[in-house]
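**Q** requesting a structural model of the entry that follows:
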Amino acid sequence: VPTHARLRGGSLGMLDIAAATMANIGPAMSFYFGFGFLALTAGVASPLTILAAGVAVALLGNTLAQFSRAHPSAGGFITFVGKSFGPTSAVSTALLAGLGYIIAMSSVIAISGGFLEILLEHYISGFHVPWIIWTLILTAFAVALMVRGVAVSTKIAGLFFGIEMTVLVLVSIVAIAKHSAHLSLSPFEPKNITHGFSGLSAGFPLAVYLFIGWENSAALAEETANPRRNVGRAVFTSVGVMVASYLLFSYATVTGFGYNVTNLGDAAIPFISVAQGTVGALVFLAYLAGLTSTLGALIAGVNSQARLIFNAGREGLLPSFIGHVHPTRRTPTKAIVVFVAISMLIIGGWGLGHLAGHSGGSMDAVTFFAESSTMGTILVLLVYLASNLALPFYYHRYLPEQFHLVKHAVLPLLGAAVIIVPLYYLSKPGQAAPYSWYPYLALGALVLSVVYAVILVRRDPGLGERVGSIVADAEEGGETAG
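**A** Predicted coordinates for the structure are as follows:
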């Protein structure tokens, strides 16, 4: 593989990619803007919905870990599906994954500026700078870091994650301690889930979204020392830490609202309301945690997901200019710029749509966060589904001597089954616009991706040989033909 197409191997360790994964998840950002609706959906026992989502994500984590052990690649799910089902599926997955992650990440890009606007207006009376200005400034800062190198940007994302986690845990412990005389285990009793299984299922998609980003480490495989071992360890470490953390945060929030989910759901940001009602001095730290969370998720998310389209460009699944690295820093600069530029165009187009829509109003960042993250999640869930179905085929075809019934068939098929639940609830009829349009948009994207893939594979018969041809190794420059 020519030097201009290789990332810098061995730049990251297991703790680096685990921290980057959890920064990509962005627990403060995800929890701040998601838990209120989740509590209204599932009720007092909404923490159990998070636990169920954690089990589902762990099943997906098994699929990612097993693929990465056999074939670590910066292409992640694109490579895994393509190696299992052929070049047409690889190109289709590259388009769906690229589009899904870009749409989802545009929500993070927007909310970074949106949250800074909320913070400044809370503390500086009469001060107002439109959130899009802050978004442009913070995104430029993030891109500058990512272009400098994966090691420095990953460590800064990890630092931001450390700050948010410290604050979240501190506020949660103080809130629980303050309400120690009235603590109850009702949030962990299944009978308290609103409407039982249907309530659990209705909140399940949002609970799964709290974990989006868990797959971050796979795309960093080429730059990770011993990726066959460390990617899987990072995945399960991250999921385990996030499950435990979300259970703590959700219990503290429900407890802080006296188990009144109506009041909890009415709060703009329930966790910050809990901080305000606990110790006023903690409120600023809670706002700070939200800001560092959005920045950490922005850096870690674009870092990882831009590498997916970089690898697709390198292999010819997407335009080849995306598949080049900086000659000295060995970062996928063009892929990062393309990824962010398309995200910004989506934000702008979405905003124009709001201005031209029936409401005639401007688009606020929180609204965009909810709308774009939902659309992106539908496409990403389709990629998760395809990856789970691919794992048994991959091991049966390439590594039959290592095939294990539970790890390579039962668990991925269970993972595929649990993906059907959030896909159904995100696509079911009767939702308000624009959510009612999303199933049709996703179907259209899938059809166009397959049509494009068929045409491209016919024009380039050698494409199948290039899919997954660069396998990450423990040492720099250790890529081998796969």
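
**Q** now do stretch 254-268: distance to the chain's middle.
**A** The chain centroid and the centroid of stretch 254-268 are separated by 26 Å under CA atoms, centre = their mean, to the nearest Å.

**Q** any chance you could map the helices in the stretch 351-482 of the chain?
**A** 365-398, 405, 411-427, 438-459, 463-466 (DSSP state H, counting those that start in this stretch).

**Q** need those in JSON lines (columns: mean pLDDT and distance to residue 149).
**A** In this view, the C-beta of every residue, glycine as well, is placed from N, C-alpha and C. Below are those laid out as JSON lines (pLDDT from 0 to 100; distance: least, CB to CB, whole Å):
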{"stretch": "helix 365-398", "mean pLDDT": "94", "distance to residue 149": "27"}
{"stretch": "helix 405", "mean pLDDT": "96", "distance to residue 149": "42"}
{"stretch": "helix 411-427", "mean pLDDT": "93", "distance to residue 149": "34"}
{"stretch": "helix 438-459", "mean pLDDT": "96", "distance to residue 149": "32"}
{"stretch": "helix 463-466", "mean pLDDT": "88", "distance to residue 149": "26"}
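
**Q** so which of those is the most surrounded?
**A** helix 365-398 (a mean of 22; mean count of other CB atoms under 10 Å).

**Q** downstream neighbour of that one in the secondary structure list?
**A** helix 405 (DSSP states H and E).

**Q** out of the helices of the stretch 351-482 of the chain, which is closest to residue 109?
**A** helix 365-398 (9.5 Å; CB to CB).

**Q** counting by contacts, list what the closest one packs against.
**A** Using 3 or more CB pairs under 8 Å, 6 or more residues apart in numbering; DSSP states H and E, the elements in contact with helix 365-398 are helix 27-42, helix 46-70, helix 77-85, helix 87-123, helix 196-209, helix 333-356, helix 411-427, helix 438-459.

**Q** which of the helices of the stretch 351-482 of the chain sits closest to residue 244?
**A** Of these, the one closest to residue 244 (CB to CB) turns out to be helix 411-427, at 20.0 Å.

**Q** and the closest one, C-alpha only, in PDB?
**A** What follows is helix 411-427, C-alpha atoms only, in PDB (Å, rounded to 0.1, in the frame of the first residue of the first chain):
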ATOM      1  CA  LEU A 411     -25.200 -13.600  19.700                       C
ATOM      2  CA  PRO A 412     -25.100 -11.700  16.400                       C
ATOM      3  CA  LEU A 413     -28.600 -13.100  15.400                       C
ATOM      4  CA  LEU A 414     -29.900 -11.900  18.800                       C
ATOM      5  CA  GLY A 415     -28.200  -8.500  18.100                       C
ATOM      6  CA  ALA A 416     -30.000  -8.400  14.700                       C
ATOM      7  CA  ALA A 417     -33.300  -9.100  16.400                       C
ATOM      8  CA  VAL A 418     -33.000  -6.400  19.000                       C
ATOM      9  CA  ILE A 419     -32.200  -3.800  16.200                       C
ATOM     10  CA  ILE A 420     -35.600  -4.500  14.800                       C
ATOM     11  CA  VAL A 421     -37.300  -2.900  17.800                       C
ATOM     12  CA  PRO A 422     -35.800   0.600  17.500                       C
ATOM     13  CA  LEU A 423     -36.100   0.400  13.700                       C
ATOM     14  CA  TYR A 424     -39.800  -0.300  14.100                       C
ATOM     15  CA  TYR A 425     -40.500   2.500  16.600                       C
ATOM     16  CA  LEU A 426     -38.500   5.000  14.600                       C
ATOM     17  CA  SER A 427     -40.300   4.100  11.400                       C
END
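
**Q** for it, packing partners?
**A** Checking 3+ CB pairs under 8 Å, 6+ apart, helix 411-427 ends up next to helix 46-70, helix 196-209, helix 365-398, helix 438-459.

**Q** need the contact partners of that helix.
**A** Helix 411-427 is contacted from outside by 56, 59-60, 62-63, 66, 201-202, 204-205, 208, 374, 377-378, 381-382, 384-385, 388-389, 391-392, 435, 438-439, 442, using CB atoms under 8 Å, 6 or more residues apart in numbering.

**Q** ok, back up a step: can you redo the helices and strands packed on helix 411-427 as CSV with distance to residue 31?
**A** Formatted as CSV, these follow (distance: least, CB to CB, whole Å):
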stretch, distance to residue 31
helix 46-70, 9
helix 196-209, 11
helix 365-398, 13
helix 438-459, 23
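
**Q** residue 407 is nearest to which of those?
**A** Per CB to CB, nearest to residue 407 of those: helix 46-70, 6.0 Å.

**Q** and that closest one, what's buried?
**A** 46-54, 56-70 (16 or more other CB atoms under 10 Å).

**Q** do you know how far residue 88 is from residue 322?
**A** Plainly put, residue 88 is 20 Å away from residue 322 if you go by CB to CB, to the nearest Å.

**Q** hey, where'd the strands end up in the stretch 151-300 of the chain?
**A** For the stretch 151-300 of the chain, no strands are identified by DSSP state E, counting those that start in this stretch.

**Q** gap between the residue of the chain positioned farthest from its centre and residue 209?
**A** Distance to the chain centre peaks in the chain at residue 181, reaching 37.5 Å (criterion: CA atoms, centre = their mean). Separation of residue 181 from residue 209 (CB to CB): 34 Å.

**Q** what do you get for residue 274?
**A** Distance from residue 274 to residue 209, by CB to CB: 21 Å.

**Q** the more surrounded of those two?
**A** Per other CB atoms under 10 Å, whichever of residue 274 and residue 209 has more neighbours is residue 274, with 28 against 24.

**Q** quick one, grab the pLDDT at the more buried one.
**A** The per-residue pLDDT reported for residue 274 equals 94.

**Q** residue 232 too?
**A** So, for residue 232, pLDDT stands at 95.

**Q** number of nearby residues for it?
**A** Neighbours of residue 232 (other CB under 10 Å): 22.

**Q** was I right about it contacting residue 69?
**A** Yes: if you go by CB atoms under 8 Å, residue 232 and residue 69 touch, sitting 6.0 Å apart.

**Q** grab the nearest non-local neighbour of residue 112.
**A** In space, and not counting its chain neighbours, residue 112 is closest to residue 294: 4.0 Å by CB to CB, 6 or more residues apart in numbering.

**Q** and the gap between that neighbour and residue 63?
**A** Distance from residue 294 to residue 63, by CB to CB: 28 Å.

**Q** quick check: the closest residue to residue 223 other than its chain neighbours vs residue 278, distance?
**A** Spatial nearest neighbour of residue 223, excluding adjacent residues (CB to CB, 6+ apart): residue 11 at 4.5 Å. Distance of residue 11 to residue 278, given as CB to CB: 41 Å.
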